[in-house]
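**Q** pasting the structure only:
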C-alpha cells in the first residue's frame, strides 16, 4: 500500500462499539470520560487494505468451515524471514486463537501438576494466572533496573530454580517495560535453561514493534523454544482472534500436540484467515509508518515529562510507555486516582506484579489528535499538582 494513503492523524470513534477498553471505563475508573489508555490494542484504524480484503471475501455468500490456508502461513513465514531473519516452514506453525491460550497449552504440555514456571516480573498479567490456574507454582524472577534500563537477573534465576522448574515464560519484547532483549542476553538465558532442561515459551507478539533489533528465540534455541506470533498487535486485528505458535523441534512439537489436539483449537474464522494473509503480504509500508508514529508519540510524552517527577522508561519495543511515578510519593491507590482525575485511564503498575508498584503503563498507539489531548490533560494535572 502507498505510504501516502496511510495516516495516523485521527482515528474512528470506538466509544459506541463493544470495545473492552471503553465498555469497562465506568467499572474500572468510575467515569466514562477518561481516555482509555490501558488495554494493549490500538485506537488507530485497522489497515484499509485488510478491511478491503475482508469485504471482498464477504462477496461470497457462504461462510462455512475453513482450514487455515497454507498461503496465509507462507505469508507469515516470509514476513518473519524478511523482518526478523527467522527461518520457518509452514509445518512449524500452528494456529491459536490467542497467546494466552497458547501459554496455557504449553504449561500443560511441558509441566505437571505442582511443577514450577518462571515469570520475569513486572510482566503481562495473564502470565501469573495461566500458571496458578493450572495448579503450577509461579517462580518470580524480578528484572533489575539500572540507570532506568531493565535487565534480566540470571543470578537470582539460578538461585530460585530447582528440578521442579520446567518452563520459563519470556516476554520478548517485554511488556510492560519496553525492553528488546539483546542477542547476548538471550544467549545467556538460553544457556542456563538448556543446562537445567527448562523449556522457554517466548511471547513475541510485539516483535514487529521494535525500535532495536529483535532476535527471535527460535533463531537461537530451536531445541528448547516455543514462540508465539500474531497480527493482532502490529495491525490492530486482535478482535479477529488469530495468532500462531512456532515450534521447530520435533520432540517439543509432539509433546505440544498431545495437549493442543485434545483442546480442538481448530483453524479459526475464515475472515481472520483473509486478514492474516493480506496483513503479512502487504503490511510493510504500514509497519514502517506505524513505528514512526509511535516513536513520535513517545517523543512528545518524553518532552512533556522531561522536567517532571515522572520518569519515562526508554522504549525499545512495544507501543506501551512505562512511567516511573515513584518520585510523586503517592500510594498505588493515590497514583491511580491522580491519573483518573486527569481524565486518563492507565494500567496500574501493580497489575504486572509487586515490582510494578509506583509505575503506570500508558498505551501510545493512539492518533496524533488523541495524543495531543492526552498530553494536555497530563500537563494540567502536573501543573495543578
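**A** Noted; the coordinates are in hand. The model shown is predicted, which means the values in this text are computed figures rather than measured ones. Numbers count the residues shown, from 1 in each chain.
**Q** From here on, just use CA atoms for contacts and neighbour counts.
**A** Will do.
**Q** which residues touch residue 270?
**A** 63, 64, 65, 66, 67, 68 (CA atoms under 8 Å, 6 or more residues apart in numbering).
**Q** State the distance from it to residue 63.
**A** Going from residue 270 to residue 63 by CA to CA, to the nearest Å gives 7 Å.
**Q** what's the answer for residue 163, then?
**A** Note on residue 163: its distance to residue 63, by CA to CA, is 49 Å.
**Q** count of residues packed around the nearest residue to residue 171 once chain neighbours are set aside?
**A** Excluding the flanking residues, the one nearest residue 171 by CA to CA, 6 or more residues apart in numbering is residue 203, at 5.0 Å. Using other CA atoms under 10 Å, residue 203 has 27 neighbouring residues.
**Q** Kindly report the same for residue 262.
**A** 9.
**Q** residues making contact with the helix or strand residue 139 falls within?
**A** Counting by DSSP states H and E, the element that carries residue 139 is strand 137-140. The contact list for strand 137-140 (CA under 8 Å, 6+ apart) reads 114-121, 128, 131-132, 160-161.
**Q** Then stretch 249-263?
**A** Taking CA under 8 Å, 6+ apart as the rule, stretch 249-263 contacts 105, 106, 108, 109, 110, 222, 223, 224, 247.
**Q** By mean pLDDT, flag the weakest helix or strand of this protein.
**A** Least confident element among the helices and strands of the chain, by mean pLDDT, DSSP states H and E: strand 144-146 (a mean of 93).
**Q** to the chain's geometric centre, what's the distance from the lengthiest helix in the chain?
**A** In the chain, taking DSSP state H as the definition, the longest helix is helix 284-305. The chain centroid and the centroid of helix 284-305 are separated by 17 Å, computed with CA atoms, centre = their mean, to the nearest Å.
**Q** Could you list the buried residues of it?
**A** Across helix 284-305, burial judged by 16 or more other CA atoms under 10 Å covers 284, 286-287, 289-291, 293-295, 297-298, 301-302, 304-305.
**Q** likewise stretch 178-185?
**A** Neighbour-count burial for stretch 178-185 flags 178, 179, 180, 181, 183 (criterion: 16+ other CA under 10 Å).
**Q** where along the stretch 251-385 of the chain do the strands fall?
**A** 311-312, 320-324, 344-345, 347-348, 359-363 (DSSP state E, counting those that start in this stretch).
**Q** is it possible to export the ones you listed to TSV including mean neighbour count and mean pLDDT?
**A** Formatted as TSV, these follow (neighbours: other CA atoms under 10 Å; pLDDT from 0 to 100):
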stretch	mean neighbour count	mean pLDDT
strand 311-312	19	96
strand 320-324	23	98
strand 344-345	26	98
strand 347-348	21	98
strand 359-363	24	98
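**Q** that older thread, taking the contacts of strand 137-140 one by one, which sit in helices?
**A** 128, 131, 132, 160.
**Q** ok, now how distant is residue 194 from residue 110?
**A** As judged by CA to CA, residue 194 and residue 110 stand 14 Å apart.
**Q** Tell me which of the two has more neighbours.
**A** residue 110 (19 against 15).
**Q** which residues touch that one?
**A** With CA under 8 Å, 6+ apart, residue 110 has these contacts: 166, 167, 199, 255, 256.
**Q** Tell me which of those fall in helices.
**A** Short answer: the contacts of residue 110 in helices (DSSP H) are 255, 256.
**Q** Can you select the buried ones among the contacts of residue 110 for me in PyMOL?
**A** The PyMOL command for the buried members of the contacts of residue 110 (criterion: 16+ other CA under 10 Å) is given here:
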select buried, resi 166+167+199+256
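**Q** any chance you could map the helices in the stretch 201-350 of the chain?
**A** For the stretch 201-350 of the chain, helices defined by DSSP state H, counting those that start in this stretch occupy the ranges 217-220, 232-235, 250-262, 270-282, 284-305, 332-341.
**Q** Hmm, I typed the wrong one, I wanted the stretch 51-200 of the chain.
**A** Using DSSP H, counting those that start in this stretch, helices in the stretch 51-200 of the chain cover 70-84, 99-110, 126-133, 154-160, 183-196.
**Q** taking the ones you listed together, which one is wrapped up most tightly?
**A** Stretch with highest mean neighbour count among the helices of the stretch 51-200 of the chain: helix 99-110 (a mean of 21; mean count of other CA atoms under 10 Å).
**Q** Give me the buried stretch members for stretch 343-359, please.
**A** When burial is assessed from 16+ other CA under 10 Å, stretch 343-359 yields the following buried residues: 343-353, 355-359.
**Q** just to revisit the earlier point, for the buried residues of helix 284-305, which two are the farthest from each other?
**A** Spatial extent of these (CA to CA) is set by the pair 284 and 305 at 31.9 Å.
**Q** Now residue 45: phi and psi?
**A** phi -60, psi 140 (degrees, to the nearest 10).
**Q** Surely residue 278 and residue 53 touch.
**A** Yes. Taking CA atoms under 8 Å as the definition, residue 278 is a contact partner of residue 53 at 7.2 Å.
**Q** okay, those two: which has more neighbours?
**A** The neighbour comparison of residue 278 against residue 53 (other CA under 10 Å) goes to residue 278, with 21 against 16.
**Q** Once you drop chain neighbours, what's closest to the more buried one?
**A** In space, residue 278 is closest to residue 50, 6.1 Å off (CA to CA, 6+ apart).
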